[in-house]
Each structure stands twice: as structure tokens, then as C-alpha cells.
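Colleague: Kindly return the folded structure for what I paste below:
(2 chains)
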Amino acid sequence: MNDLDTGMESLLEAFIYETNELLDHLDEILLESEKAKTISENNINSIFRITHTIKGSAAMLEFEEMSTLAHAVEDVFYIIREDASKLDLVFDELFDLVFQASDFLRKEITAISSGEYTPSDASSLIQSFHEQARIMKGEQPAAAKPADAQPAATAETAASAPAAAVSTETEHGRGMRVRVFFEDGCQMENMRAFMLISQLQSCCGKVESVPANPEKDQALSAEIVKNGLLLTCCGYESEDEVLKTVEQALNIKSYEILPAEGSPCSVQEPVEESSQQAAVEEAEQPTASAQPVAATSEKANTTATKTGVKQSLISVNQSKLDHLMDLVGEIVTAESMVARDPDLEGLRLDHFNKSVRELRKLTDELQDVVMSIRMLPLHGIFQKMSRIVRDMAKKLGKQAELITFGGDTEIDKTINDAIADPLMHMIRNSMDHAIEMPEERVAKGKPSMGKVILAARNVGGEILIDVSDDGYGMDAKKLLAKAKEKGLLTKPESEYTEKEIFQMIMLPGFSTNKEVTEYSGRGVGMDVVRKNVERVGGTITISSEYGKGTTFTIKIPLTLAIVDGMTLAIGDTVFTLPITSIRQSFKVGEEQHIIKNSNGTEMIMVRGECLPILRLHRMYGIEPKYEEIKDGILVQIENSSASACIFADELLGEYQIVVKPFPKFFNKYDLKSEGLSGCSILGDGTVSLILDANALINNL
Amino acid sequence: MANDILNTEQTVQSELDNRFLMFYINHMLYSVELRYVLEIITVQSVTHIPSVPGYVKGIINLRGKVIPVIDMRLKLGMEEREYDDKACIVVVEIKEIHIGLIVDSVSEVVNVSKDNTSSTPPGDITEKYISSITVHNDRTVLNIDCEKLFMDDCNMVEEG
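Modeller: Predicted coordinates for the structure are as follows:
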């Protein structure tokens, strides 16, 4: 697929999006079913629908391998749908296979979206599916061609359902002829025709088309454009249903019902097309079997009831959202530019101030709306983690289950993407190093089934995500010894608290496990996890009880883009501190004593607490206005564990600021560790530097 | 919007080929290829960034976009001096990174044919930044190779 022209690109995008959604859904069903050790009829139908849709759309875009594989899965579930008891014959093998298939498809999709797609070979997987199908059908001779196997199976079930067979007899008498025209220039008419035919097959027993087998030859497109696609449907339940299917199909310009042999009626009805509703809905459409005996009417009904659910969703390119976010940021900046215009200083402007307040209210609201658009529930990530736990448990011979809470907690898309990797790593760590083998667990008096808990909750402006396990737990003494051996200690051993010791496993160069396994210990340790989390402004804390388990808590901000900040001046430079990290600010009076240490550091007693004073002008080499502490002002900042005071010349006021990352040019300088997390443009157009209280305190 | 227009102009390569923007640094004429240049702005207040090399003066706000600015005197190993009203920031785009170059003053845009240029003498320190030398109205012009000039900075960017 190298020649993806522009007409296909949007189609391709929809395909990638839709297939990803479908695969997620598939995984979800599989995990749920595997746990329950059975598949409900609804779920079988869902799986069937999912694979059918993937098959169709993959075929339409000429992704042969994906289509064939989806077809193979569909075949297997077709058998199960007919007789659910057959599932027990192959339960475990089948689930593994379907998971593999889902992984395969996912990999292909990733390759397609990266633009470098070369079809991979799925034949061995497909072969395995055919084998399973054969086993389920009860040791049929292996020589039987898989493609033929399906009708054989249906014949078998047809015998057990005589009613259905009778109905086909009678329905064959009725035939309906429809001529369909596709929209001008919608391209690939032959594949669209094929899609339509396979959709029609879900409500009619048999569909014949002129030209026949349009999917086989691209050249037939021209003929379809010219003469339309002539469809002859037999064995349908109701004419309405057939017409409805035609109407709902994509890119149909118009259709006409032709007089079916002998019958005189003729209706013409141009139909407005509704391609905008694309992907999401299509998954909801009942796409039942293509076989003559097909779904018994009862089953058809259960799928049909789902058509009513229409989701009013649209998918938007993320870059557009990013742009929108940027624009809102500009508006927020422009608003404070107007409201604090120096020309207005000292004037009494009651009416103006009222208007500004109104504007402020609206921009706040606009900002909230745009933010909420970017919010995604964590559910998707959690879903992936269940997969990892399942796969690793199988591979490592451990027993473990993932329990998730708060999957509906929403978080900014950027952060959502950024924490997927760290979370995955932590879950892998838990599975690989923390959860014991089942025998060992039993010996320790724990249930043989290990628990990995993933819990998210919203606390104020932050999200807390706990990753906990009930495995080995960490041994503080052992960790301390290890840290000593690696020369990572910065103070006497006895001064380390348990919390500090646990925190050390996230130092670069600290990896407690010498073995390299398939899943972890490839040199990518907790320090990388910490880095990734910190990149989006998060922190990780660890608590553990030896022998009982470990809990990692990730604390991340809800959103990165706009924060309330206090601006302060030091010399000519303007800094901004996020309000959330400020505890208080105060002037130092004559009576308050500044403690000066011999190494030049200073401290001050505040309400019984001894706080270090940070002279940023010294750190950053800025010429300050005031050198004397009592001339300037102290701002007390805090992170989760400690507190300190920043010495500034003066406070400039509270602003809503739009956080911008430093230009890429500065990537090679580690500004983050200098305590600067980004920059923002102030109302007067100057650039202020955003201070990272956490990094400043950690640097002490 | 301004950027879009500039970008479309940039795609009209032929118009920009062999055209150079000349500017003065320390009474010497230098030039950069016009295709790198986005715009020329007056020197405005620069926000200092700690712990970066001295030639990186800091960041400025260019219509809502934050870009780094570099003092060309320092970058080329010359003495720093106060910026006067003639001093300008030439905004260039190199490998999709916008950088502002502070120069003493901007002279003009000239067409330079390939015949008029000669290569730099080998071994010179300027060889690191200067791609060729031209003579324009009896004055020697040193043509700065933008990509070479910021090779260190930009390569690191890619790694980061």
C-alpha cells in the first residue's frame, strides 16, 4: 500500500481509528470472558461483529493479510455462535490465539499509521485458527479445505434447526432488485460495492450482483460508476430492512427499486448520504453471518436492537485540538494584556472593569470547555495493563489478577499518553519481581492468586494513581546495603528514613535485580519511569512493607497547559510560581533572626519550622535589586515532603499563565534540574520563567 | 498567519536562491542565505536563562512564540557591546528551529552569483562557520553557513 492517495487517506484514518477501538473492545471482552471461563451469547455476537467489520474494512483498503486473519477468527466464532458448547473443547488455546490475532492486527495498524507498512505474514496464525475450527467440528479430515468447512458446519446446524431451513425455502420465492449508484468521485466503487453486498447478506439470505464479485477486479469500478450496481436480494425478512441497510451504507448517492421479475412496481428515491457518521456507528450495525441459514430470527433480533444506539461522537485530529488549546492560551494572555494595560493605570474605569470581568468569565469558561475536550478517561490504559498482567502471568507461571479502580478518571490526552509507558513498566516490575510463584505464596499463607491493584482518583487539581501489589515487598535494609555498595549514599546510613530508602530505587544506576528477564531488567529501570512521570510534572512516592507488598503512588497534574501563578521579580527577571506550590509569602521583620551557616546557606525560623532560604539570584547569576533579606520578600514553597523559602525582590501579582515548554533549542541544557519547568508570556509581552518548586527543593 | 505566508514564499525556492541578507558585526560584513531568514525585528527585552553558554542571551516573545536569541558577536568570538538602535534580531529557521541572531545592523539583500564566491582558506577558525567569501561593491562579505553555525546546538536538539 505505497500509493495511498489523498482520497484514501481519510478513509485510512477512519480505518485505523475504528480498528483500534474495535480491538480494544475485543480485548476487553476476551479478558472478561476468560476470567469468567465462559462467553456470553452477547459477547460472542460482539466478537463476531468486530471481526466481521475488521474483515470488511481491511478488505476494502486491500490489506489482504489482516482481512484473511479476521476472517479466520470470524469463522471460529461462527461455529461457537451456532453451538456454544463446542467452545469448551478449545477454550484456552482459542483465547491465546485470539489474543495473538488481536496483537497481530494491532501491530499492523501501528505499522500502517506510521506510514511504513509492509504486510506481515499471518498464515501460521490463520492455520491455527482453521485447526481450532476443525477440532470444534469434531475431527474432520484435515484435508478438508478450511474455506469449505464453514458451509459444512452450517449444514450440520441447519439440520438441528429445521424451522430456519423451512423459512429459507419459502423466502426464496421473493426477490428484490435494487440498482445503487455511488457518490461521484468516492473512489474504489468496487470495494464499496463489496462492502454493501456483505452488509446486505446479514439481512438477506442470498445476494447476487451485476457485476458479480466486484471485489475481485478494480476495473469493475468504472462499470459500477456508469451503470450502477444491480443487486438481486433473495430470502430477506422484510423489504424495509434491506432498504434500510442500503440507505445506511456509506457514499450511496441514490438507489432505485427495479421491478422484480413480473412485479410492476417501480419506485425511485434519491437518498441523501450520511458519510459523516462513519466509523463509530458502523461498529454498532448488526453484521451477522453471510451464510444461507444464517442467524435464526431470534438472534437477529438481539443484534438488531442495538442499532438504535447512535453515538453523537466525532473524531478530531489531535493537532487541531492542540492548536485550539494554543489559541485559547493566546486569548487568556491577550485578555490580561487588555485588562492590565499600562495606559489604563490610575484611571477610574467602572464600566470597563465590568466588561473585563465579563470577558474573564467567558475566557475561563472557554478554557474549561477546551480542557474538557482534551480529557480522556484512564480506562484505555488500564485495559492495556490487564493484557500485560494476563500475558505475563501465563508466561511466568504465576497467578495474578489486575484489579482496577477509577478507570473513569479523566486526564489530559498528553499526560494520558505520557504515563502509559511508566505504568506499563511498573506493572511489569510488579509481575516480574514482586508477585511470588503460586507455591511460594501458599507457603507464606497468601492466596495463590496474586493481586496487582491499579487505582486512580482525583484529588484537587491532581490525579493520584496507585500501583500496588501484594508480593514480596521491599527490604529497606537490603536496599540500603545495595545503595552503599553502588556509592549512592549522600549522608550517613543511620540518617536515612525508610521512605528515603525506597525512593532510592528510582536513582539512575540502581537496579535491584541482576537477572535480565524478558520483561524487565533491560537496563531501563525505575529512574526512567521517574523521568517520564516528571516530564509531565508528576512525582512518584513509594511505600512498602516487607513481605506484604509495595505501593507506588504517581501524582500528576490534571492538565499542563494553564495554571494560576504568582509572579515575582528578581532584578530584571520575572519568575512565576504555580500557586499550588506556594504556602505563604511574608516580609522579614527586624526581630526575625536569619541563621547563617558557615557554608553560606541561610535559614529562617517560621512558626517553629527551620526553613532554608533560596537566593535565586545567586543560583541563576542575576543582579538583584535587594541583597538584604529584610528589603525583599520571602515566598514559602513546598512539595510533598519539604518546604523552603525563595527570596525575591517583590511580588508582581497573581496571573493565569499559559505554560509553554522551553524552545527545543534548550533541550540539551537540563533546565528542569535547575528548577525551571517552562516559560510563559505575561500580559505585557515579556517572558517569565516558571519555577518548579519540587525541583528547587530537591536541589537543596 | 505571517508564518504561513513566509512559508509559502519559502517554497518558491528559485526566488530565494543565491540571495543573501547582509549585516554588520563589528564593522565586518556578514551574510546569511535569505532562505533561512524569517524576519528582522528590533532588539527587545530578552529574558535571561541561567546555566547556558554566554552567547545564548535568553528567550524573547515573538508574537506568542518563545524563541531563543543568540548574540552573534559572542558566538563568533568577539567582544560583547551594548545594543544601540541599529541593532537587530534576524530571526532564522534552521531545521524547524527558530533562532534569533542579534547583529549590529542589517545592511541589504543582495544577489550573489556562484562565480563571485570563493571558498574560505583552510585551517582558519572561521571555517567552522563561514561557507564562502564574496566581494560586493569592493567590500568583502563573509557568508555564514547557518546549519554549520548551529550544528552543535541543533544536533543536540535531535538527540534530546
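Colleague: Tell me where the model's unsure across chain B.
Modeller: Filtered on pLDDT under 70, chain B yields the residue ranges B:1-16, B:121-127, B:152-160.
Colleague: in it, which spans are strands?
Modeller: Along chain B, the segments classed as strands by DSSP state E run B:19-25, B:28-33, B:37-42, B:56-62, B:65-71, B:88-94, B:97-103, B:105-111, B:117-119, B:130-136, B:139-144.
Colleague: can you tell which of those is closest to A:Asn597?
Modeller: strand B:56-62 (31.9 Å; CB to CB). (Each C-beta comes from the backbone N, C-alpha and C, glycine too.)
Colleague: elements contacting the closest one?
Modeller: In terms of contacts (3 or more CB pairs under 8 Å, 6 or more residues apart in numbering or on different chains; DSSP states H and E), strand B:56-62 is packed against strand A:687-691, strand B:65-71, strand B:97-103.
Colleague: Including distance to A:Met504, could the ones you listed go into JSON lines?
Modeller: Formatted as JSON lines, those follow (distance: least, CB to CB, whole Å):
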{"stretch": "strand A:687-691", "distance to A:Met504": "26"}
{"stretch": "strand B:65-71", "distance to A:Met504": "36"}
{"stretch": "strand B:97-103", "distance to A:Met504": "37"}
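Colleague: need the residues of the stretch 451-600 of chain A near chain B, please.
Modeller: Residues of the stretch 451-600 of chain A lying close to chain B (CB under 8 Å from any CB of the partner chain) are A:Asp572, A:Thr573, A:Val574.
Colleague: how does it look with 7 Å?
Modeller: Neighbours of chain B within the stretch 451-600 of chain A, by CB under 7 Å from any CB of the partner chain: A:Thr573.
Colleague: where does the stretch 451-600 of chain A dip in pLDDT?
Modeller: Short version for the stretch 451-600 of chain A, where the test is pLDDT under 70: A:460-461, A:509, A:511-524, A:559-561.
Colleague: Going by residue numbers, what spans are helices in it?
Modeller: Counting by DSSP state H, counting those that start in this stretch, the stretch 451-600 of chain A has helices at residues A:476-485, A:498-503, A:526-535.
Colleague: For A:Thr409, find the nearest of the ones you listed.
Modeller: Between the helices of the stretch 451-600 of chain A, helix A:526-535 lies closest to A:Thr409; by CB to CB that is 16.1 Å.
Colleague: Which residues does that closest one contact?
Modeller: Helix A:526-535 has contacts (CB atoms under 7 Å, 6 or more residues apart in numbering or on different chains) with A:418-419, A:421-422, A:425-426, A:505-508, A:540, A:554, A:556.
Colleague: Check those for burial and list the buried ones.
Modeller: A:Ala418, A:Ile419, A:Pro422, A:His425, A:Met426, A:Ile505, A:Met506, A:Ile540, A:Ile554, A:Ile556 (16 or more other CB atoms under 10 Å in any protein chain shown).
Colleague: picking up where we left off before, including mean neighbour count, could the strands of chain B go into TSV?
Modeller: TSV is the format used below for these (neighbours: other CB atoms under 10 Å in any protein chain shown):
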stretch	mean neighbour count
strand B:19-25	20
strand B:28-33	20
strand B:37-42	16
strand B:56-62	22
strand B:65-71	21
strand B:88-94	21
strand B:97-103	23
strand B:105-111	14
strand B:117-119	12
strand B:130-136	17
strand B:139-144	18
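Colleague: can you put the helices of the stretch 451-600 of chain A in JSON lines and add mean neighbour count and distance to A:Glu65?
Modeller: Output for the helices of the stretch 451-600 of chain A, formatted as JSON lines (neighbours: other CB atoms under 10 Å in any protein chain shown; distance: least, CB to CB, whole Å):
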{"stretch": "helix A:476-485", "mean neighbour count": "15", "distance to A:Glu65": "48"}
{"stretch": "helix A:498-503", "mean neighbour count": "18", "distance to A:Glu65": "47"}
{"stretch": "helix A:526-535", "mean neighbour count": "19", "distance to A:Glu65": "34"}
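Colleague: Relative to A:Glu401, which of those helices is closest?
Modeller: A:Glu401 lies closest, by CB to CB, to one member of the helices of the stretch 451-600 of chain A: helix A:526-535, at 22.6 Å.
Colleague: picking up where we left off before, the strands of chain B into a markdown table, with extra columns for distance to A:Asp24?
Modeller: Listed next are those as a markdown table, based on distance: least, CB to CB, whole Å:
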| stretch | distance to A:Asp24 |
| --- | --- |
| strand B:19-25 | 53 |
| strand B:28-33 | 49 |
| strand B:37-42 | 43 |
| strand B:56-62 | 41 |
| strand B:65-71 | 37 |
| strand B:88-94 | 40 |
| strand B:97-103 | 37 |
| strand B:105-111 | 56 |
| strand B:117-119 | 59 |
| strand B:130-136 | 53 |
| strand B:139-144 | 52 |
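Colleague: Please list the residues of chain B that sit near chain A.
Modeller: Counting by CB under 7 Å from any CB, chain B sits next to chain A at B:45, B:47-52, B:59-61, B:64, B:66-68, B:97, B:99, B:153, B:156-157, B:160.
Colleague: I'd say A:Thr576 and A:Ser680 touch.
Modeller: Yes. Here A:Thr576 lies in contact with A:Ser680, judged by CB atoms under 7 Å, at a distance of 6.1 Å.
Colleague: Find residues that contact each of the two.
Modeller: Going by CB under 7 Å, 6+ apart, residues that sit against A:Thr576 and also against A:Ser680 are A:Ile657, A:Ser688, A:Ile690.
Colleague: What's the end-to-end length of stretch B:131-151?
Modeller: Start-to-end span of stretch B:131-151 (CA to CA, to the nearest Å) is 13 Å.
Colleague: Please apply the same query to stretch A:404-422.
Modeller: The straight-line separation of the ends of stretch A:404-422 (CA to CA) is 16 Å.
Colleague: Check which residues of it are buried.
Modeller: Buried-residue list, stretch A:404-422, by 16+ other CB under 10 Å: A:404, A:406, A:409-416, A:418-420, A:422.
Colleague: Run through those and flag the ones next to chain B.
Modeller: By CB under 7 Å from any CB, no member of the buried residues of stretch A:404-422 lies near chain B.
Colleague: Make a markdown table from the residues you listed and add pLDDT and secondary structure to it.
Modeller: Formatted as a markdown table, the buried residues of stretch A:404-422 follow (pLDDT from 0 to 100; DSSP: H, G, I helix; E, B strand; the rest coil):
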| residue | pLDDT | secondary structure |
| --- | --- | --- |
| A:Thr404 | 89 | strand |
| A:Gly406 | 88 | coil |
| A:Thr409 | 85 | coil |
| A:Glu410 | 84 | strand |
| A:Ile411 | 84 | strand |
| A:Asp412 | 82 | strand |
| A:Lys413 | 83 | helix |
| A:Thr414 | 80 | helix |
| A:Ile415 | 83 | helix |
| A:Asn416 | 84 | helix |
| A:Ala418 | 84 | helix |
| A:Ile419 | 86 | helix |
| A:Ala420 | 86 | helix |
| A:Pro422 | 87 | helix |
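Colleague: Can you give me the distance of B:His27 to A:Ala483?
Modeller: As judged by CB to CB, to the nearest Å, B:His27 and A:Ala483 stand 59 Å apart.
Colleague: related to what we said a few turns ago, and A:Ile112, which of the helices of the stretch 451-600 of chain A is closest to it?
Modeller: Nearest of the helices of the stretch 451-600 of chain A (CB to CB): helix A:526-535, 26.3 Å.
Colleague: what sits against the residue nearest to the spatial centre of chain B?
Modeller: Closest to where the C-alpha atoms of chain B average out (CA atoms, centre = their mean) is B:Leu101, at 5.2 Å. Listed by CB under 7 Å, 6+ apart, the contact partners of B:Leu101 are B:Ile70, B:Met72, B:Ile89, B:Val90, B:Val92.
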